[in-house]
Every structure is written in C-alpha cells, then in structure tokens.
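Student: from the sequence below, what's the structure:
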Amino acid sequence: MTDTSDRDGLSPLARALSSVFDETDEDDVGSAPAPTEASSDGDAEVREPTAPDPVDTRAEDAGAALKAAISAYLTSSEGDPRDEAAEALRQAYSEARASDLVDELADALSALARLGGSRPAALELARDLATPDVVRQLVIRAVETPAASRADRVRLLRQLGELSVRVLVDEAHRDPAEQIGGLRERRAMVDMLLEIGPDAPQVINEMMEDDRWYVVRNGVQVLGEAGLSDGLQHLTGTVAHEDARVRRASVVALQQIGGDAAGLLALARLDDEDASVRAAAARAVGALGAERGVRQLLALLDREADDDVIVAACRALGDYRDPSAVTALEKKATGSFFSKSPTEIRIAAYRALAAIGTPKAQQLLLEAANDKDSRVRSAVRASLRPRA
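Tutor: Residues are numbered from 1 along each chain as shown. The predicted structure follows:
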C-alpha cells in the first residue's frame, strides 16, 4: 500500500487513483480458525493445518507496476521527459494485458483519455494502447450506468475514437446468447452508437453493406441523427431495401437530412407496399415540402385504405397549406350521410384545413365546432382560437 506521505505529493487525480488501487476489503482481513472434526469418542479432533497454495504474484506485481506507471505519467510536468514516462506506461500496460487485468487496464485507459482534454499526447497514447477487450469493458461500464448519469462514460468512449464505435457495433448486434445483458442493455448500446457513430463514417459505411437488416437499419439511423447530406448516397440504396423496417428508417433519415434530393426520394415511397413506410413517406414529404408533393398526396388520399397513412397524408397536406387540397380534406373531415371517417382521420383533416385557412376551410371548421364527437369538437374549437 502507498505510504500516506508519498500519496500527499501526488496530484488530486493521482491521489484518487492511488486510493482506488489501495482499497482493502475488510472481510478479507485475518484468517478463519482451522476446521475441526468430531472423533468417534466425542472428542474434537484437530486437523493438521495444510500448507497454503503457492501464490502467483505476477498479476499482483503487474497491477502495482501499472498503477505506478500511470501515476508517474499523470503527475509528470510539461518539462519532464514525456517519452520516458510514456514508454514505461506502455511496458506496464503490456504486462498487465498479459495478466488479463482488464479492470485495471480500463481504469488506466480512462485516466489517460480524461487527461487528453488538456494534454493531446495523453489522448493519443490512450488510443494507441486501446484494445477491443478493454474498450468492451468500458462499454459494459457505460451500459451498467443509469442513462441520466451516462454522459461522462459516453464522452470517454467518444474520445477513444473509431475503436469504440466498432466495439459498440459488434456488441449491439452480437448473437443474443453472447450479448451484454438483455434488451435494455442492447438499447443502451444502440443509443450510444447513434450518439458517437457519426465520428466514424467508415464503420457506418460498413454497416450499410451488412447482410443483417437490423445492422443496416441502425446504420441508417446513425446517418439520420448525424444529418449529413453526404449520407444520401447510402440512403438511395436503403430506401429500396427488401426489409420494410430498413425502408421506413431510411425515409425518417431522409426527413432528418433534408433537401430537395431527400424530398424526391421520399416521394417515391408513397406507393410502398408497406403501410408504415407509406405513412413515414407522407410525413417526410410534408415536412420537406417536396416538389409535386401536393398532387401525389392527394392521389394517395384517394386510393389509401390504411387509417395511419390517411392521417399522415392529411397532416402533410396541412404542412403545404395549399388551397387545392381543401375539397379532398373536406371529404375526410365530414364523410357522407352513410359513413364518417374514424375520429383520428377527421381531427387530422380539420387541423389541416385550419392550417390552410381559406374562407371555405374556415367555414368547415365553424360548422364542426358543435360536432357530436367530443374529440373532434374539442380539436376544432382549439383550431379556431386566435393564435398569440
């Protein structure tokens, strides 16, 4: 254990490291008495003490050497021979790896990466020393940390660069029998991947070419979160992927990236065979204001049977605020004498009419202000209130 006087001379970070490495479990202090066994005549028979197994001190020595090396590196000043401290740390790190001291290696890597904010050389050294097994340990720590407190660990993984993204991709998509934890942990890894994945475009490119639909889907989501226009070249292919879940994620990513090209790609999915993709495409077309979008949305309303798609199309037409959509929206809002649209469709249609705001649209809203359906009535009245 480090002497107290020696520890006082270290920096606060080094003292913290020292205290972590020097912790002793009080339950391990002392030894239990040798077991006894009753003899046949009732007297206790004392067993002869056995010699303890030989202790392999190599791992203990490697851990102590790593602790000393990281402390020396962290406390060295700008004027010190940094190469010597770095070389000593490399050697100690290598010996600790040989002893499979993953937790100690993860601690050392974390300390280096955190120091990298003020010393770029420390971050460079951390990235050079990082290996998949140690980064995996850091991923496990991040996953086991509550989401509200995870930011610092995610920041650490981001500092370690592309290797962290590769480990996250591997772990998030590993066979369930070999994964870290269950669904919650996998969701946490995907969330972290969405956050730091854009830092490693090459890894994301590889995801887009994977044979597994869910890997491609997650890669598409990373592109969308990043909002980079150069991601469109990948989405051009995935928007026509054989799996509807990939197509739907691709349309959402198009909406996030934006631009005329994204709008045209979204328009092409309004006739997708899958209803969830058509609904996502309608929402994207309206949000992007794609050219010729009104005409195609009106055609979609005329032929569509799925309620969710109709709701999305009505809302998209409201985004355009085009008067030519009033008649089609009126049909969805009011229905006929024999049949009325479901409540959600009627509300979406009336809200779109309110957004368009022509005299005809306003008249339809006034007529619906006393509608028999309380939900429709409430939505219409809210739409008629003057906006602040």
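
Student: Three-state assignment for the most centrally placed residue in the chain, please.
Tutor: In the chain, the C-alpha nearest the mean C-alpha coordinate belongs to Asp191, at 1.2 Å (CA atoms, centre = their mean). Counting by DSSP: H, G, I helix; E, B strand; the rest coil, the backbone at Asp191 sits in helix.

Student: just the pLDDT at it, thanks.
Tutor: Looking at Asp191, its pLDDT is 92.

Student: what does Ala349 give?
Tutor: For Ala349, the predicted pLDDT is 98.

Student: Arg7 too?
Tutor: 45.

Student: please enumerate the strands of this structure.
Tutor: Counting by DSSP state E, the chain has strands at residues 36-38, 44-46.

Student: rank those by pLDDT, which is bottom?
Tutor: strand 36-38 (a mean of 46).

Student: picking that back up, contacting residues around the residue nearest to the centre of the chain?
Tutor: Asp191 makes contact with Ala147, according to CB atoms under 8 Å, 6 or more residues apart in numbering. Bear in mind the C-beta positions are built from the backbone N, C-alpha and C, glycine included.

Student: let's see it at 10 Å
Tutor: The contact partners of Asp191, by CB atoms under 10 Å, 6 or more residues apart in numbering, come to Val143, Ala147, Arg150, Val154, Leu168, Ala172.

Student: quick one: neighbours of the closest residue to Ala147 other than its chain neighbours, just the number.
Tutor: Excluding the flanking residues, the one nearest Ala147 by CB to CB, 6 or more residues apart in numbering is Ala188, at 7.0 Å. Ala188 has 22 neighbours, counted by other CB atoms under 10 Å.

Student: how close does Ala188 sit to Leu160?
Tutor: 18 Å (CB to CB, to the nearest Å).

Student: same question for Val326.
Tutor: Distance from Val326 to Leu160, by CB to CB: 56 Å.

Student: more neighbours: these two, which one.
Tutor: Leu160 (24 against 19).

Student: the more buried one reaches Val135, doesn't it?
Tutor: Yes: using CB atoms under 10 Å, Leu160 is in contact with Val135, at 6.2 Å.

Student: picking that back up, check contacts around the residue nearest to Ala147.
Tutor: Contacts of Ala188 (CB under 10 Å, 6+ apart): Val139, Ala142, Val143, Glu144, Thr145, Pro146, Ala147, Arg150, Val154, Ala172, Ile180, Gly181.

Student: using CSV, lay out these together with distance to Arg375.
Tutor: Listed next are those as CSV, based on distance: CB to CB, whole Å:
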residue, distance to Arg375
Val139, 46
Ala142, 43
Val143, 42
Glu144, 44
Thr145, 42
Pro146, 38
Ala147, 34
Arg150, 39
Val154, 41
Ala172, 40
Ile180, 44
Gly181, 41
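
Student: among these, which ones are buried?
Tutor: Val139, Ala142, Val143, Arg150, Val154, Ala172, Ile180 (16 or more other CB atoms under 10 Å).
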